[in-house]
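In: just a sequence and a predicted model for now, questions to come.
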2 protein chains.
Amino acid sequence: MPARGDHDARRRDVSEAVWRVLAARGFDGLTLRAVAAEMNASTGLLTHYFPTKRALVRHALDLAGERTGTRSRPAPPAPGLPALRTTLLDVLPRTAPAVELNRVWVSSWDAALGDPDLGDRERDRYERWRGELRAHLEKAVELGELPPDADVEDLAASAAAFTHGLVVQVLFDPDRFPPERQAALLDAFLGSLAHRPGRPEGTPRPITPT
Amino acid sequence: MPARGDHDARRRDVSEAVWRVLAARGFDGLTLRAVAAEMNASTGLLTHYFPTKRALVRHALDLAGERTGTRSRPAPPAPGLPALRTTLLDVLPRTAPAVELNRVWVSSWDAALGDPDLGDRERDRYERWRGELRAHLEKAVELGELPPDADVEDLAASAAAFTHGLVVQVLFDPDRFPPERQAALLDAFLGSLAHRPGRPEGTPRPITPT
């Protein structure tokens, strides 16, 4: 328990320590002991905040969500495809903070695949992200940047796939994928979006469970 | 130590138990205790095979590599883009064994991002895979399926990115991505490859450290 009544400040210290451990070692290295060592505290103090490893992992995921949500994001130069480009470029690990965030998210997939609740959270996070991409794609159709029958649902899934799959390759091989090559790969991908087959007339929309 | 001299059979039993734990719970759930429980053995027996958690993780990664390498793969219908399609379709989590293998690989990224040696192995594994894809792309150029100035290096990275990024979305949301939708998304992606910008004349090849 904190000696002074300054509970919130101590909470912030704990969160900062959790984040530093996470950024350096991923979820695999996130233990009460490592967080305690990071803040020169006892493991006993930490069990006060996190009675279980699971509670620690959940807090770490909340922190990652918070940092992702509140990071400063560049303003898109124009709606439609330029806005989509800005959004995806901002996700790619082209800066030290973006590398750190991506390492944390990719490393969280291990725990999320083994825990149904965390898996559901990740599923919903993906759907929110695809929704954001879809909005830009719908605008691009409206602006005539994409054909009127473009399947924005599929294009959003494809853009999310391309971007996250590139993230993983970059994290393991940054020398081979410097920031300018990441941008060039993204631009080539975006340039090809107008050349996808559209929705066949009269076919049902792809399955989108709620 | 095994009671009988049948060391190899016991080794196989251990490997089978490691794989079952891994497939069910990922690397996050892979502990000596879980493997011991899976084979009704003592944790003491397991420490004979795996003195450290790290040794257990390495063995698990070797198993994943072995299972990936030796799985039966469909014969490509024709060289070039059809062969590329067969290769990528085979990676996607469209069958129970492919879901299992992908869960294990995606879940291994946590440990690999936190351990330089494992990270190097994963980097090399990616480069071998891109090499396989590049060979199909070069054949596609030769056959006139792609323009002569196609940047096969970039296309291979892009195809690997698209495929693995789709894998992750499918693992978290299989209802939204049934096997036929995965194939349709892949086909739309492959169909767009011919519409990528080529290598500008006289420009150096992208950085490919050895």
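Out: Ah, there it is. Remember, it's a predicted structure, so these values are computed and weren't measured experimentally.
In: now do the helix or strand where residue A:66 lies: everything it contacts.
Out: Applying DSSP states H and E as the criterion places residue A:66 in helix A:53-70. Helix A:53-70 has contacts (Cβ atoms under 8 Å, 6 or more residues apart in numbering or on different chains) with A:15, A:18-19, A:22, A:27, A:30-32, A:35, A:46, A:49-50, A:101, A:104-105, A:108, A:111, A:115, A:118, A:121, A:125. The C-beta positions use only the backbone N, C-alpha and C, and glycine is treated the same way.
In: of those, which belong to helices?
Out: Among these, DSSP state H puts A:15, A:18-19, A:22, A:32, A:35, A:46, A:49, A:101, A:104-105, A:108, A:111, A:118, A:121, A:125 in helices.
In: tell me the contacts of the residue nearest the centre of chain A?
Out: In chain A, the centroid-proximal residue (Cα atoms, centre = their mean) is residue A:105; its distance is 5.7 Å. Contact analysis of residue A:105 by Cβ under 8 Å, 6+ apart lists A:64, A:68.
In: domain assignment for chain A?
Out: Here the domain parsing of chain A from automatic domain parsing is A:7-68, A:72-195.
In: how about JSON lines for these, with mean pLDDT added?
Out: Below are those laid out as JSON lines (pLDDT from 0 to 100):
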{"stretch": "domain A:7-68", "mean pLDDT": "91"}
{"stretch": "domain A:72-195", "mean pLDDT": "95"}
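In: quick one, which of the ones you listed gets closest to residue B:145.
Out: In terms of Cβ to Cβ, the element of the domains of chain A nearest to residue B:145 is domain A:72-195, at 14.6 Å.
In: any idea how far apart the tips of the closest one sit?
Out: End-to-end distance for domain A:72-195, by Cα to Cα, to the nearest Å: 33 Å.
In: centre of the chain to it, how far?
Out: Here domain A:72-195 is found 9 Å from its chain centre; the criterion is Cα atoms, centre = their mean, to the nearest Å.
In: okay, and the residue nearest to residue A:172 when sequence neighbours are not counted sits in which element?
Out: Nearest residue to residue A:172, sequence neighbours excluded (Cβ to Cβ, 6 or more residues apart in numbering or on different chains): residue B:123, at 4.4 Å. Following DSSP H and E, one finds residue B:123 within helix B:116-142.
In: could you point out the helix or strand that follows that helix?
Out: Sequence order places helix B:152-172 as the next helix or strand after helix B:116-142, per DSSP H and E.
In: could you check how many residues crowd around residue A:51?
Out: 11 (other Cβ atoms under 10 Å in any protein chain shown).
In: what distance do you get for it to residue A:59?
Out: 11 Å (Cβ to Cβ, to the nearest Å).
In: same question, residue A:32
Out: Note on residue A:32: its distance to residue A:59, by Cβ to Cβ, is 11 Å.
In: quick check: neighbours shared by those two?
Out: Common neighbours of residue A:32 and residue A:59, using Cβ under 8 Å, 6+ apart, are residue A:50.
In: which of the contacts of helix A:53-70 count as buried?
Out: Neighbour counting with 16 or more other Cβ atoms under 10 Å in any protein chain shown marks A:15, A:18-19, A:22, A:27, A:30-32, A:35, A:46, A:49-50, A:101, A:104-105, A:108, A:111, A:115, A:118, A:121, A:125 as buried within the contacts of helix A:53-70.
In: touching, residue A:138 and residue A:151? I think so.
Out: No - using Cβ atoms under 8 Å, residue A:138 is not in contact with residue A:151; the gap is 11.3 Å.
In: give me the distance from the helix holding residue A:66 to the chain's centre.
Out: 12 Å.
In: keeping just the C-alphas, turn it into CSV.
Out: C-alpha atoms of helix A:53-70 as CSV (Å, rounded to 0.1, in the frame of the first residue of the first chain):
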residue,chain,number,x,y,z
LYS,A,53,-1.2,-12.7,-13.9
ARG,A,54,-4.5,-12.3,-15.9
ALA,A,55,-5.3,-9.0,-14.1
LEU,A,56,-1.8,-7.8,-15.1
VAL,A,57,-2.3,-8.8,-18.7
ARG,A,58,-5.7,-7.1,-18.9
HIS,A,59,-4.2,-3.9,-17.4
ALA,A,60,-1.4,-4.0,-20.0
LEU,A,61,-3.9,-4.4,-22.8
ASP,A,62,-5.9,-1.5,-21.5
LEU,A,63,-2.7,0.6,-21.5
ALA,A,64,-2.0,-0.4,-25.1
GLY,A,65,-5.5,0.6,-26.1
GLU,A,66,-5.2,3.9,-24.3
ARG,A,67,-1.9,4.7,-25.8
THR,A,68,-3.1,3.7,-29.3
GLY,A,69,-6.3,5.8,-28.9
THR,A,70,-4.7,8.9,-27.5
